[in-house]
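**Student:** just to be clear, the model below is a prediction. Sequence and coordinates:
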Amino acid sequence: MESKVENLSSRRTLSNGVGIPCVGFGTWQTPSGDVARDVVKKALEVGFRHIDTATAYGNEASVGEGLRLSGVKREDVFITTKQWTDIRGCAATVAAAEKAIQTLGVDYLDLYLVHWPAVAKLSADWAQMNADTWRGFEKLYKDGKVRAIGVSNFMPEHLEALKASAEVMPMVDQVEFHPGYMQRNVLDYCAANGIQVEAWSPLGSGRLLADPLVTKIGAAHGKSSAQTCVRYAIQHGIVPLPKSTHAERIAANAEVFDFALSDEEMSALDSMPETGYRV
Ligand SMILES: NC(=O)c1ccc[n+]([C@@H]2O[C@H](COP(=O)([O-])OP(=O)(O)OC[C@H]3O[C@@H](n4cnc5c(N)ncnc54)[C@H](OP(=O)(O)O)[C@@H]3O)[C@@H](O)[C@H]2O)c1
């Protein structure tokens with residue numbers, strides 16, 4: 001699988017056979033309007049074929065505008081959006097997805113994600129809430145409104161609970177992943193259950209860019225720390241979603257197919273001190 005990942009159009013295969021471009025372009029904290037429109041257009045110009053947004057980011061309309069302005073055909077771009085935590089349950093899920101499709105100005109989504117699970121800390125009936133929401137995702141999938149369905153920030157216990165009632169298991173789990181924050185328990189669960197992992201904050205939301213180890217490993221390949229982090233996720237078989245609002249950085253983050261990290265470098269990055277969001 002890894003050897004076939006050669007450029008931004010290379011696809012990994014989800015459990016239902018749908019291909020997902022191996023690197024996506026992130027849009028969290030990318031302001032709606034000219035900024036989001038222009039960075040999406042730029043990302044598509046430099047070769048990204050996968051855009052990650054969310055209803056909570058408030059920029060779906062501008063993301064759609066950037067897509068149309070780019071001139072790249074809709075079917076050549078993989079579009080993901082996510083349902084925020086204010087929407088739970090089957091009927092509300094279907095309505096929210098239809099609204100997101102309309103806001104993006106597309107006919108279908110490639111991937112629709114539950115942004116965060118209902119969790120035990122906040123809701124005693126979290127498992128039932130997630131099961132009810134998931135029924136809406138399954139309906140959207142069966143009705144052809146979305147090509148693939150998945151979750152985000154689901155830990156193994158949330159996925160295991162969903163398994164009890166799901167007819168179709170999530171095809172993707174999008175979680176925080178970068179050097180210093182591997183969440184190996186999630187990776188292992190997903191590998192065993194045919195779920196593709198996507199990496200949010202693959203650059204640690206910028207926190208890893210000045211890290212001495214990441215910088216040193218990158219420099220040995222003539223690469224930046226950002227490029228090293230993107231490459232690290234790719235070599236783990238994970239789909240990274242680097243975000244930038246700067247044209248030159250968007251282009252640079254795509255230049256990750258002309259070098260490879262050694263096993264020793266991968267192990268060093270795997271075992272570096274914790275740099276996770278919650279750490
Ligand atoms: N599912 C979830 O709960 C969840 C949570 C977080 C993120 N996400 C997704 O994952 C995406 C990526 O995560 P993220 O936005 O947290 O952060 P990230 O991609 O890890 O890092 C982005 C930060 O790094 C900077 N940057 C990017 N490329 C650079 C480069 N080549 N040189 C120097 N600086 C660079 C960006 O600055 P500039 O923008 O100023 O260039 C920004 O501050 C999000 O945009 C979103 O799509 C999902």
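**Tutor:** Structure received. Numbers count the residues shown, from 1 in each chain.
**Student:** surely residue 214 touches residue 229?
**Tutor:** Yes. Assessed by Cβ atoms under 8 Å, residue 214 is found in contact with residue 229 at 6.5 Å. C-betas here are computed from N, CA, C, even on glycine.
**Student:** pull up the residues of the stretch 101-250 of the chain that are close to the ligand.
**Tutor:** Residues of the stretch 101-250 of the chain lying close to the ligand by Cβ under 6 Å from any ligand atom are 115, 152-153, 174, 200-206, 209, 224, 226, 241-246, 249.
**Student:** could you report the pLDDT at residue 3?
**Tutor:** At residue 3, the pLDDT value in this model is 46.
**Student:** what's the answer for residue 276, then?
**Tutor:** At residue 276, pLDDT is 75.
**Student:** verify the stated contact: it with residue 176.
**Tutor:** Yes. Using Cβ under 8 Å, residue 276 and residue 176 qualify as a contacting pair, with a distance of 6.2 Å.
**Student:** which one of the two is surrounded by more residues?
**Tutor:** More crowded of residue 276 and residue 176, by other Cβ atoms under 10 Å: residue 176, with 19 against 15.
**Student:** of the residues of the stretch 101-250 of the chain next to the ligand, grab the buried ones for PyMOL.
**Tutor:** In PyMOL, this line selects whichever of these come out buried by 16 or more other Cβ atoms under 10 Å:
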select buried, resi 115+152+153+174+200+201+202+203+204+205+209+224+226+241+242+243+244+249
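**Student:** which ones among the residues of the stretch 101-250 of the chain next to the ligand are found in helices?
**Tutor:** 226, 249 (DSSP state H).
**Student:** so how far is the ligand from residue 4?
**Tutor:** Distance from residue 4 to the ligand, counting by Cβ to the nearest ligand atom, to the nearest Å: 24 Å.
**Student:** list the contacts for that residue?
**Tutor:** Contacts here follow Cβ atoms under 8 Å, 6 or more residues apart in numbering; on that basis residue 4 touches residue 10.
**Student:** what do you get for residue 74?
**Tutor:** 67, 106-107.
**Student:** excluding chain neighbours, what is closest to residue 77?
**Tutor:** Excluding the flanking residues, the one nearest residue 77 by Cβ to Cβ, 6 or more residues apart in numbering is residue 49, at 5.5 Å.
**Student:** roughly how far does the one you found sit from residue 241?
**Tutor:** Note on residue 49: its distance to residue 241, by Cβ to Cβ, to the nearest Å, is 13 Å.
**Student:** ok, residue 228 next?
**Tutor:** Counting by Cβ to Cβ - residue 228 and residue 241 are separated by 16 Å.
**Student:** how many neighbours does residue 101 have?
**Tutor:** Residue 101 has 21 nearby residues by other Cβ under 10 Å.
**Student:** confirm it sits in a strand?
**Tutor:** No. Assigned with DSSP: H, G, I helix; E, B strand; the rest coil, residue 101 falls outside any strand and is helix.
**Student:** mind checking the SS state of residue 185?
**Tutor:** Assignment for residue 185 (three-state DSSP): helix.
**Student:** for the residue nearest to it when sequence neighbours are not counted, grab phi and psi.
**Tutor:** Distances taken as Cβ to Cβ, 6+ apart place residue 156 nearest to residue 185, at 5.8 Å, with adjacent residues excluded. Backbone torsions for residue 156, taken as degrees, to the nearest 10, come to phi -50, psi -40.
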